[in-house]
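*Asks:* Structure for the following, please:
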Amino acid sequence: MSLQNIDWQALFTKPSFLFDILCAAALILLALVYAHKGLLATLVQGIGTLASLIGARLFADWAAPVVFQNFLAKSFTERVSETITAGGTVDVAALAEKYAGFLPRSLVDSVVASVQQTLDGALASNAASVADTVVTQVIEPLFTPVIAIILFFVMFALLRMVISLLVTLLKNVNKIPGVGDVNKALGFVVGLGAGAVDLFLALCVVWALIVITGGGLPFLNETALADSFVYQLFSRINPFV
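*Replies:* Okay, here's the model as predicted:
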């Protein structure tokens with residue numbers, strides 16, 4: 001396709017194209033910021049950010065089920081049991097919609113389908129036992145990823161605070177005559193990698209917004225970003241799915 005045949009107006013109003021342009025511009029801007037900080041500070045921040053991502057992810061994976069079991073499971077079990085008793089039937093899809101309907105439909109449907117056969121024919125008279133199964137096999141798998149996202153960003157922020165203190169000290173290397181210029185030049189090169197890590201984190205936030213809003217935002221949903229090169233690349237390495 002020649003450049004003359006491209007509908008530039010349509011291209012520049014396409015959410016996925018604009019998203020890719022924004023990500024590319026952000027990467028260059030981040031590299032320039034890191035160049036100002038210098039090589040040593042950039043290396044520490046880049047490695048620190050990556051370590052913070054991994055550490056926060058491991059913590060979230062461990063803590064999310066613990067938080068659900070200790071603070072939410074009992075309440076959900078009681079409420080689901082009351083719903084089953086009042087309705088006289090066990091409708092897993094209806095229960096999932098009532099307590100986790102704000103989550104993406106595809107996620108809810110996939111979890112419901114995996115346990116629907118298990119609970120088919122379950123007796124409403126055994127509401128307490130059925131409610132425990134619903135909470136364990138339906139509600140918990142739906143809520144745990146949301147809890148993990150929240151815990152991930154909280155822990156990441158705490159770890160980054162520690163890294164920032166060390167980076168602040170290393171920025172003083174730029175004040176050394178001669179060494180400072182080289183430190184800044186190399187900082188830009190390494191900053192591209194560090195910026196990619198920061199961009200990855202930003203994409204995690206975008207994905208979290210899409211999940212939490214159920215894809216309800218007009219320009220920030222799976223459909224709008226279906227043709228985005230950056231978002232599709234991120235989807236292949238998304239640590240939350």
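
*Asks:* What about V162, how many residues nearby?
*Replies:* 10 (other CB atoms under 10 Å). (Each C-beta comes from the backbone N, C-alpha and C, glycine too.)

*Asks:* Would you mind listing where the protein has pLDDT under the threshold?
*Replies:* Applying pLDDT under 70 to the chain picks out residues 1-13, 88-90, 116-125, 174, 178.

*Asks:* so G214, which of the three states?
*Replies:* Here G214 is coil, with the state taken from DSSP: H, G, I helix; E, B strand; the rest coil.

*Asks:* whoops, A73 was the one
*Replies:* Of the three states, A73 takes helix under three-state DSSP.

*Asks:* Is it correct that D132 is in contact with F76?
*Replies:* No. Contact criterion CB atoms under 8 Å: D132 and F76 do not qualify, at 9.7 Å.

*Asks:* Between these two, which is the more surrounded one?
*Replies:* F76 (22 against 15).

*Asks:* residue contacts, the closest residue to the more buried one other than its chain neighbours?
*Replies:* Computed as CB to CB, 6 or more residues apart in numbering, the closest residue to F76 that is not its neighbour in sequence is V135, at 4.8 Å. V135 makes contact with A73, F76, T77, V80 under the criterion CB atoms under 8 Å, 6 or more residues apart in numbering.

*Asks:* Look up how far A113 lies from the last one.
*Replies:* I take that to be V80. Distance, V80 to A113, using CB to CB, to the nearest Å: 18 Å.

*Asks:* the more surrounded of the two?
*Replies:* Taking neighbours as other CB under 10 Å, V80 and A113 compare with V80 leading, 24 against 11.

*Asks:* Can you pull up the most central residue in this structure?
*Replies:* The centre of the chain sits closest to C204, judged by CA atoms, centre = their mean, with a distance of 3.6 Å.
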